[in-house]
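> Structural data only, the sequence is not supplied:
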């Protein structure tokens, strides 16, 4: 069971949690890096074999390597426990399925990740008649108006994909509890180092761990954290039955990523703020979308909920016509790629599936500021922008 122990709770800072929580050196022969239990099953005690399986039966249910990662994430999020999954979408799907039922209804923010919207619109709605209402998310009154008698879940993503809009988590949680509705948040952008939604009353927090938690662009992974009752149920039902658990080697790589998460995120944030400031002051940039920047449109929510920034942002170009690909083709350090959260700097165009309800400009470019020298990254953007005829 991936629940925090009393010993785990002695670690209170992100650095100590990432560095030592769950690393039981006496249990693993003094190994500073825990071993990979790359096995499918655990034999059980008999009268003759003297085996102590410590309750492990099958990796689809639980595994020692995976549980170390889960305990670290649970402590970072302020939850009772956590569960790791084979992808971010697996974690998100399991969290949603914990609350919704066939013929029920959910409310979700329209700027959620495209994969999440596809899951609801193109799968759950069509196959199980799970209805949904998209909301802007900035107005709690709008969210309350969308609630129906059959509403089971309010799903938020704060800051959200592409334009990084935020929702008032305290207000959302209070509204949901008033109506007896569950709440789930995609907390991937902030990471638990910069935002702990469970402490604001949200029921489940989810992450695509492929991003900053992994940090090396070499795993696809997901994780969720919650109170004990929810964790126990999802472990035995949604994760166990659907079989979307994390692989032990995947967990070991995620464990490696967590070791350096605090220092990596700090560097991404420092470089990200400098790049955002450069873009905000460039004559060829129309608008920058970056939480905490000088032009961010929700400063009150940023100050209330986020304790830091990272390297992900979006911007639009001035002028007529679509010059996004021209800019991308002129960049050298920024590679054309769709993901983020790794060591490398990336850029991509917002796809049509991400242009929602007029909230996302049609000519948006999203960049991830990696761990390269920030002056080199700014120079790369500068020379590419100089070549645009705007």
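Thanks, I have the structure now. Just so you know, these numbers come straight off a predicted model, no measurement behind them. Residues are numbered from 1 along each chain as shown.

> Tell me, what's the model's pLDDT at the residue lying closest to residue 67 once chain neighbours are set aside?
Counting by Cβ to Cβ, 6 or more residues apart in numbering, residue 67 lies nearest to residue 2, which is 5.0 Å off, once chain neighbours are set aside. (Each C-beta comes from the backbone N, C-alpha and C, glycine too.) pLDDT for residue 2: 77.

> From the structure, what's the count of residues near residue 2?
Neighbours of residue 2 under the rule other Cβ atoms under 10 Å: 24.

> what sits against it?
62, 66-67, 70-71, 74, 81-84, 231, 235 (Cβ atoms under 8 Å, 6 or more residues apart in numbering).

> Just the ones of those residues in helices?
66-67, 70-71, 74, 231 (DSSP state H).

> Out of the contacts of residue 2, which end up buried?
62, 66-67, 70-71, 74, 81-84, 231, 235 (16 or more other Cβ atoms under 10 Å).

> Let me know the closest of these to residue 365.
The nearest member of these to residue 365, counting by Cβ to Cβ, is residue 84 at 32.3 Å.

> Could you find the closest non-adjacent residue to the closest one?
Closest to residue 84 by Cβ to Cβ, 6+ apart is residue 246, at 3.8 Å.

> For that neighbour, give me phi and psi.
Geometry field for residue 246 lists phi and psi as phi -80, psi 150, criterion degrees, to the nearest 10.

> Can we start the residue count at 3 from this point?
In the new count, where the first residue is 3, that last one comes out as residue 248.

> Count residues in the vicinity of it, would you?
With other Cβ under 10 Å as criterion, residue 248 counts 28.

> correct me, but it touches residue 93?
No: judged on Cβ atoms under 8 Å, residue 248 makes no contact with residue 93 at a distance of 9.4 Å.

> I would like the residues contacting the helix or strand containing residue 265, please.
Under the criterion of DSSP states H and E, residue 265 resides in helix 263-282. Under the contact criterion Cβ under 8 Å, 6+ apart, helix 263-282 has outside partners 16-17, 20, 193, 195-196, 214-215, 217, 287, 290, 292, 294-297, 310-315, 317, 345, 369, 371-373, 376, 379-380, 383-384.

> Make TSV from the buried ones among the contacts of residue 4 and add distance to residue 125 and pLDDT to it.
TSV is the format used below for the buried ones among the contacts of residue 4 (distance: Cβ to Cβ, whole Å; pLDDT from 0 to 100):
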residue	distance to residue 125	pLDDT
64	28	94
68	27	97
69	30	96
72	27	98
73	32	97
76	29	98
83	28	97
84	25	98
85	21	98
86	23	98
233	25	97
237	23	96
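
> Make JSON lines out of the residues you listed and add distance to residue 52.
Shown next, in JSON lines, are these (distance: Cβ to Cβ, whole Å):
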{"residue": "64", "distance to residue 52": "22"}
{"residue": "68", "distance to residue 52": "25"}
{"residue": "69", "distance to residue 52": "23"}
{"residue": "72", "distance to residue 52": "28"}
{"residue": "73", "distance to residue 52": "27"}
{"residue": "76", "distance to residue 52": "32"}
{"residue": "83", "distance to residue 52": "30"}
{"residue": "84", "distance to residue 52": "32"}
{"residue": "85", "distance to residue 52": "31"}
{"residue": "86", "distance to residue 52": "30"}
{"residue": "233", "distance to residue 52": "31"}
{"residue": "237", "distance to residue 52": "28"}
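
> Could you pick out the buried ones from the contacts of helix 263-282?
16, 20, 193, 195-196, 214-215, 217, 287, 290, 292, 294-295, 310-315, 317, 369, 371-373, 376, 379-380, 383.

> secondary structure class for residue 31?
coil (DSSP: H, G, I helix; E, B strand; the rest coil).

> quick one, phi psi at it?
Torsion angles, degrees, to the nearest 10, at residue 31: phi 60, psi 30.

> Looking at the buried ones among the contacts of helix 263-282, which are in helices?
Short answer: those in helices (DSSP H) are 16, 20, 193, 195-196, 376, 379-380, 383.

> Now do the residue nearest to residue 69 against residue 24, distance only.
10 Å (Cβ to Cβ, to the nearest Å).

> what touches both of these two?
With Cβ under 8 Å, 6+ apart as the test, residue 4 and residue 24 both reach 69, 73.

> Tell me which two of the ones in helices among the buried ones among the contacts of helix 263-282 sit farthest apart.
20 and 383, at 31.2 Å, using Cβ to Cβ across those.
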